[in-house]
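Chemist: sequence-free structure coming up:
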């Protein structure tokens, strides 16, 4: 066992040492990794260290360096050193975190970490907290509590009677809500057609006037009536639109929802963490969040703990526990009366993911978390200003005074390559997709494509504690070069220009990188060595 663990630590150390300098994109496709793995199960046992070595050899080219400071795809955080080390211990300790009697340590750490998270997010001190795999299941948890409460107020016991024959529940959510909201609602028995899409503005924020109209509309036939005889309603707001980073006007949404007797849930996968910012402008974005009834957020985004970690928080502890708890005769109650973690999530057996959350928060402290969030936002704003000055490139989520350069809500930078001079929408779609593919293929940065208002766009998300101005400038240089090459190249189908794109890649021709990108790479050797020394080791 110990020899295998030492072998794993050696492989981990090699990975971390090269993380700041390696291309973030994987070199192999799933089919290529599958061919390396082989699909024939060995007839005889294999030595554990040999298994590890073979596994590393087979999958290494198919790993995405999401922890790289140059990874700007999706909304993926890095891993703080204390969180990584604590998560390794969580695996070694192998605690089933379901019951206080089964793991007093996991139960206690979960209680402390939950209180810390609620405090940092500015939520009521008595909220109940459940730690899940991600925001997807945090939505399921919180919205199950919402379903339980609004139907109970209408005289229906969903735990006893299910949904068959239950009166309908009105579901109101912003038109630009995240897909995980719809998936969670489907898991809870609500079909897609049950959701009323509330119109949003040009940044994806729910419009209060549209919400007011939707709440005032008569419910469908057979609709349940809840508090004060009003229709049973759940309103789902958003803190951090995944493309723009924009936040719904939460104070207004909560006030309107509660005026109509609704339960208000907030999808705050990353945006809720703006509450810790030193910037009054950013904190104001989430003002009013505490007035909601439930919230969902992630640990593996801005908190920078390893995958996987989601957090569900519910103001109505009774509704939360009623929706999740499943008593069993073989679950002995804790002698001291501690509530079991299994009572707050859909899972029975579950890993002790909160050791990493506790370690991350204790290592950062309040000021460290504040600095992490603000540094990411400042770097994203720097990227937006630089890209906004590139001919043919537009920042789509810019706010504020255009004369002072683009400002953006949080840590998301949404851009589109229109070309210079600006051409047709279709040409802009082609250029944007080609630049997105070329930048990631080149290895200088990892960015992802998206669609915004029906047109192609590219997104940079700055979510990693290790990202610095260097990686952001490197990404901007790569995007600039790729945009220039895409506009000068043939107006063909979408995709990369040449093998590996205009900024080079693993299959590109040496020396083909633009000079300003090559200079940035050459000039960073000392810094990479320093990063490797500071971040790269599990072993002394």
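Modeler: Ah, there it is. Bear in mind that the values here come from a model prediction, so they are computed numbers and not experimental data.
Chemist: pLDDT weak spots in the stretch 301-450 of the chain?
Modeler: Counting by pLDDT under 70, the ranges of the stretch 301-450 of the chain that qualify are 334-337, 402-403.
Chemist: ok, which stretches of it are strands?
Modeler: Along the stretch 301-450 of the chain, counting by DSSP state E, counting those that start in this stretch, strands occupy 310-314, 393-395, 412-417, 448-452.
Chemist: Mean neighbour count added to the ones you listed, as TSV?
Modeler: Backbone N, C-alpha and C define where each C-beta goes, glycine included. Converted to TSV, these look like this (neighbours: other CB atoms under 10 Å):
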stretch	mean neighbour count
strand 310-314	29
strand 393-395	21
strand 412-417	28
strand 448-452	16
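Chemist: could those be laid out in a markdown table, adding distance to residue 20?
Modeler: A markdown table is the format used below for the strands of the stretch 301-450 of the chain (distance: least, CB to CB, whole Å):
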| stretch | distance to residue 20 |
| --- | --- |
| strand 310-314 | 28 |
| strand 393-395 | 27 |
| strand 412-417 | 21 |
| strand 448-452 | 20 |
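Chemist: The stretch 51-200 of the chain: strands as residue ranges?
Modeler: With DSSP E, counting those that start in this stretch as the criterion, the stretch 51-200 of the chain has strands at 128-132, 170-174, 195-198.
Chemist: Pick the most deeply packed of those strands.
Modeler: Greatest average neighbour count among the strands of the stretch 51-200 of the chain goes to strand 128-132 (a mean of 27), per mean count of other CB atoms under 10 Å.
Chemist: Report the angle between that strand and strand 310-314.
Modeler: Between strand 128-132 and strand 310-314, the angle comes out at 160 degrees (axes from the mean of the first three to the mean of the last three CA atoms, to 10 degrees).
Chemist: now strand 128-132: how far from the chain's centre is it?
Modeler: Averaging C-alpha positions (CA atoms, centre = their mean, to the nearest Å) puts strand 128-132 17 Å from its chain's average.
Chemist: Contacts for that strand, please.
Modeler: The contact list for strand 128-132, computed with CB atoms under 8 Å, 6 or more residues apart in numbering, reads 110, 113-115, 117-118, 138, 140-141, 299, 309-314, 317, 320-321, 324, 341, 344-347, 350, 353-354, 357.
Chemist: what about residue 8, neighbour count?
Modeler: 18 (other CB atoms under 10 Å).
Chemist: Give me the secondary structure label for it.
Modeler: helix (DSSP: H, G, I helix; E, B strand; the rest coil).
Chemist: Would you mind measuring from it to residue 1?
Modeler: In this view, residue 8 and residue 1 are 11 Å apart by CB to CB, to the nearest Å.
Chemist: same check, this time on residue 371
Modeler: Distance of residue 371 to residue 1, computed by CB to CB: 39 Å.
Chemist: So between these two, which is more surrounded?
Modeler: residue 371 (16 against 7).
Chemist: shaky segments in this structure?
Modeler: 220-229, 334-337, 402-403, 490-540.
Chemist: Against which helices or strands is the longest helix seen in it packed?
Modeler: Longest helix in the chain, counting residues (DSSP state H): helix 354-388. Applying 3 or more CB pairs under 8 Å, 6 or more residues apart in numbering; DSSP states H and E, one finds that helix 354-388 contacts helix 81-93, helix 104-120, helix 280-285, strand 393-395, strand 412-417, strand 455-461, helix 469-488.
Chemist: What residues sit buried inside the second one?
Modeler: Burial within helix 104-120, assessed by neighbour count using 16 or more other CB atoms under 10 Å, is assigned to 106, 107, 109, 110, 111, 113, 114, 116, 117, 118, 119, 120.
Chemist: What about residue 150, how many residues nearby?
Modeler: 26.
Chemist: Just give the nearest non-adjacent residue to it, would you?
Modeler: residue 232 (4.2 Å; CB to CB, 6 or more residues apart in numbering).
Chemist: I'd guessed that neighbour sits against residue 152; true?
Modeler: No: assessed by CB atoms under 8 Å, residue 232 is found out of contact with residue 152, at 9.5 Å.
Chemist: Among the two, which residue is more densely surrounded?
Modeler: Of the pair residue 232 and residue 152, residue 232 is the one with more neighbours under other CB under 10 Å, namely 29 against 17.
Chemist: What distance do you get for the more buried one to residue 428?
Modeler: Residue 232 sits at a distance of 45 Å from residue 428 (criterion: CB to CB).
Chemist: same deal with residue 277?
Modeler: Separation of residue 277 from residue 428 (CB to CB): 33 Å.
Chemist: give me the number of residues near residue 53?
Modeler: For residue 53, the neighbour count with other CB under 10 Å is 14.
Chemist: Start at 16, not 1
Modeler: Let's use 16 as the start, then, which means that last one is residue 68.
Chemist: Give me the spatial nearest neighbour of it, chain neighbours excluded.
Modeler: For residue 68, the spatially nearest residue (CB to CB, 6+ apart) is residue 22, at 7.4 Å.
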